[in-house]
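**Student:** With the input below, show me the fold.
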Amino acid sequence: MTTKKLPGFKNEEEFAKFVETHDMGPYLKGMKALDEVLILAPTLAERIRERSRKRLISLRLPNWQIEGAKEIARKKKQHYQTLIQIWIGEGLRAEMRSIRPAHH
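**Tutor:** Next up, the predicted model:
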């Protein structure tokens with residue numbers, strides 16, 4: 001696994017979105033240990049905790065979808081499984097937003 005440097009973030013929300021949509025493994029490897037306590041906003045801490053809770057499933061996809069994901073992942077320099085996870089997450093969030101009743 002290659003080590004990556006975190007990009008700059010304008011705010012906590014931008015960082016939280018990045019954490020939700022990226023595999024943090026390559027970024028954590030290159031980080032230095034801190035002697036300080038880092039206090040996160042409760043919502044960000046919950047998002048990070050939720051992101052770390054994963055369950056293995058078996059999912060059968062057509063070969064063309066897997067090969068297409070691999071090709072796109074190579075161009076984006078990402079793992080194709082991470083890319084598929086991002087796409088599923090984006091699709092779920094969009095669908096959940098569309099089915100929630102509007103609050104007035």
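
**Student:** where's the lowest-mean-pLDDT helix or strand in the chain relative to the chain centroid, distance-wise?
**Tutor:** Least confident element among the helices and strands of the chain, by mean pLDDT, DSSP states H and E: helix 25-28 (a mean of 76). Here helix 25-28 is found 12 Å from its chain centre; the criterion is Cα atoms, centre = their mean, to the nearest Å.

**Student:** nearest residue to the residue most central in space within the chain other than its sequence neighbours?
**Tutor:** The centre of the chain sits closest to T21, judged by Cα atoms, centre = their mean, with a distance of 2.1 Å. The shortest distance from T21 to any non-neighbouring residue, by Cβ to Cβ, 6 or more residues apart in numbering, is to I86 (5.1 Å). Glycine gets a C-beta too; all of them are placed from N, C-alpha and C.

**Student:** and the one you found, what element?
**Tutor:** helix 80-99 (DSSP states H and E).

**Student:** for the nearest residue to T82 once chain neighbours are set aside, phi and psi?
**Tutor:** Nearest non-adjacent residue to T82, counting by Cβ to Cβ, 6+ apart: D23, 4.6 Å away. Backbone torsions for D23, taken as degrees, to the nearest 10, come to phi -70, psi 120.

**Student:** What is the neighbour count of L56?
**Tutor:** For L56, the count of nearby residues is 4 (other Cβ atoms under 10 Å).
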